[in-house]
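Peer 1: Sequence plus the predicted model coming up.
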Amino acid sequence: MSKRIIFHIDANSAYLSWEAVHRLQHGDPLDLRTVPSVIGGDPVTRHGIVLTKSIPAKKYNIETGESILSASAKCPELIIVRPNYSLYMQCSKAFGDILCEYSPLIEQYSIDEYFVDFSNMGRLYKDPVEVAYIIKDRIKNELGFTVNVGVSTNKILAKMASELKKPDMVHTIFPDEIPDKMWVLPIEELFMVGRATAKKLRSRSINTIGDLANYDPKLIKLFLKSHGTLVWNYANGYEASPVRENRRPMIKGIGNSTTISFDVEDRRTAHLVLLSLTETVATRLRQSGYCARLVSVSLRTNEFYNCSHQRKIYSAIDCTNAIHEIACELFDELWKGQPVRHLGVRVSELCENDFQQIALFEKNYEKQRTVDRTVDSIRKRFGNGSVFRSSFLNSGVRFSSGGTMDDEEYPMMSSLL
DNA sequence: TCTGGGGTCCTAGGACCC
DNA sequence: TCTGGGGTCCTAGGACCC
């Protein structure tokens, strides 16, 4: 049995590179990648954070996630481009299509990352690292953007390898290279070590991945519980999950949330925002063929206090009105009158909607479900704005918030490796 | 740090049952 | 109600990923 070979391929500064390529293809002489630039939202509507930065922008210490305002302060000539998600979907797919030519087993991990299982391909190709270079160069030449490829024997090591030096590089972290290439890195660089875990580890003088790897796993488990065991395993390169095709990923929940462009101070407006969020959640729920047994509402106040409220429902539902009604009740129970900055609606505990449990309960939603299906099909044919509720007229609230990903077979981010 | 939006999983505490 | 222990379900919140 030959050993496993896994590639992790990561598009460099994905959104920004894709936007840059798109502009060059449409005759723009400027390559955004060569100047300080970012993809980011609009501060006027309070969506102002940096999603992706160019390498020249990085030289100004601009960080992903920081506000557009502070980024502009660091670099006054910074070019800011709004995100264009449908373009990203296309680029992501074109990227995956090339990878498919090299192995029958690939997994999309996020919009800009794929895993490829290259085990047992030795008969076709002799050196996997050579193939990694070929893939990298093909994507650059044919699609115009660069990627990093990480090569190893499992997913975590391949992923850690692809994050080493960027851009346009191939790296390996084979097990015997772990001490030299991975253990020297600061603890924050390890997959699944975020801010909170890094702080706890550093408080115990665990500063590098190597410190963690060589620590007593029993002690790690004692103070970080199961998450401690997980990161200790990762630090040692222990991980064995398969690359799995994501034909139809088993989704766990569907949510939609938004930062509202103004602070909501009254119940009526809040309910209207919840309706606009519910419209897309419910549409996506019906499109995916599920009903939900749990509805949650989340809320952020103007002082950035977050809280949430959820309710289990005993008849699984997929109706816009039914979900909205519960969302409003949850909001009313949660809200203490503070100005509201952000609202979210989420459904989970999904089950197939082809079963008749729906009709068995106190409220017969059958008629409502027929209406929903009709509206869904009208929107599908004539666009999302073709039908909307009159309550949104002159309300200052958009009739529908967020995309429904209609016919775009976009696999949502999968969970852990 | 005037700070988005989509996910997943884990944990802790309370209610309830036997 | 001077009172145990184990199990499951529900809810809220936290942590992580991109």
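Peer 2: Thanks, I have it. For clarity, every value in this text was computed on a predicted model and none was experimentally measured.

Peer 1: Tell me where the stretch 101-250 of chain A has helices.
Peer 2: Defined through DSSP state H, counting those that start in this stretch, the helices belonging to the stretch 101-250 of chain A, from first to last, are A:128-143, A:155-162, A:195-202, A:209-213, A:217-235.

Peer 1: hmm, the fourth one in reach of DNA strand C?
Peer 2: No. With Cβ under 7 Å from any atom of the strand as the threshold, helix A:209-213 lies outside contact range of DNA strand C, at a closest distance of 12.1 Å. Quick note: C-beta positions are derived from backbone N, CA and C, even for glycine.

Peer 1: CA atoms of that helix as CSV?
Peer 2: These are the backbone C-alpha positions of helix A:209-213, laid out as CSV (Å, rounded to 0.1, in the frame of the first residue of the first chain):
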residue,chain,number,x,y,z
ILE,A,209,3.7,25.0,17.5
GLY,A,210,6.7,22.9,18.7
ASP,A,211,6.1,23.9,22.3
LEU,A,212,2.5,22.6,22.0
ALA,A,213,3.6,19.4,20.1
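
Peer 1: List the beta-bridge partners for the residue nearest to residue A:13 when sequence neighbours are not counted.
Peer 2: Of all residues not flanking residue A:13 in the chain, residue A:52 sits nearest, at 5.3 Å (Cβ to Cβ, 6 or more residues apart in numbering). Legend: beta-bridge partners of residue A:52 under DSSP bridges are residue A:39.

Peer 1: what about the longest helix out of those in chain A, distance to the chain center?
Peer 2: Within chain A, and with DSSP state H defining each element, the longest helix by residue count is helix A:267-288. For helix A:267-288, the distance between its averaged C-alpha position and the chain's averaged C-alpha position is 20 Å (Cα atoms, centre = their mean, to the nearest Å).

Peer 1: Each with direction, which strands does whichever helix or strand comes after it pair with?
Peer 2: On the C-terminal side of helix A:267-288, the nearest following helix or strand under DSSP states H and E is strand A:290-301. Sheet pairing here is set by DSSP bridges, and for strand A:290-301 it gives strand A:306-317 (antiparallel), strand A:340-352 (antiparallel).

Peer 1: So is strand A:290-301 next to DNA strand B?
Peer 2: No. Strand A:290-301 is not in contact with DNA strand B by Cβ under 7 Å from any atom of the strand; minimum separation 7.8 Å.

Peer 1: Around the closest residue to residue A:172 other than its chain neighbours, count how many other residues there are.
Peer 2: The spatially closest residue to residue A:172, leaving aside those adjacent along the chain, is residue A:151, at 4.6 Å (Cβ to Cβ, 6+ apart). For residue A:151, the neighbour count with other Cβ atoms under 10 Å is 25.

Peer 1: pLDDT wise, what is the closest residue to DNA strand C within chain A at?
Peer 2: With distances taken as Cβ to the nearest atom of the strand, chain A approaches DNA strand C most closely at residue A:194, which sits 2.3 Å away. Reading off the per-residue confidence, residue A:194 sits at a pLDDT of 96.

Peer 1: Quick check: residues of chain A near DNA strand B?
Peer 2: Contacts of chain A with DNA strand B, taken as Cβ under 7 Å from any atom of the strand, map to A:41, A:43, A:46-49, A:51, A:65-70, A:225-227, A:251-259, A:284, A:304, A:342, A:344, A:346, A:348, A:401-402, A:412-416.

Peer 1: Now, of those, which are buried?
Peer 2: Buried by 16 or more other Cβ atoms under 10 Å: A:41, A:46-49, A:51, A:66, A:68, A:253-258, A:284, A:342, A:344, A:346, A:348, A:401-402, A:414, out of those.

Peer 1: Identify each buried residue in the longest helix of chain A, please.
Peer 2: Of the residues in helix A:267-288, those buried under the neighbour-count criterion (16+ other Cβ under 10 Å) are A:269-287.

Peer 1: Also stretch A:310-317?
Peer 2: Of the residues in stretch A:310-317, A:310, A:313, A:316, A:317 count as buried by neighbour count, 16+ other Cβ under 10 Å.
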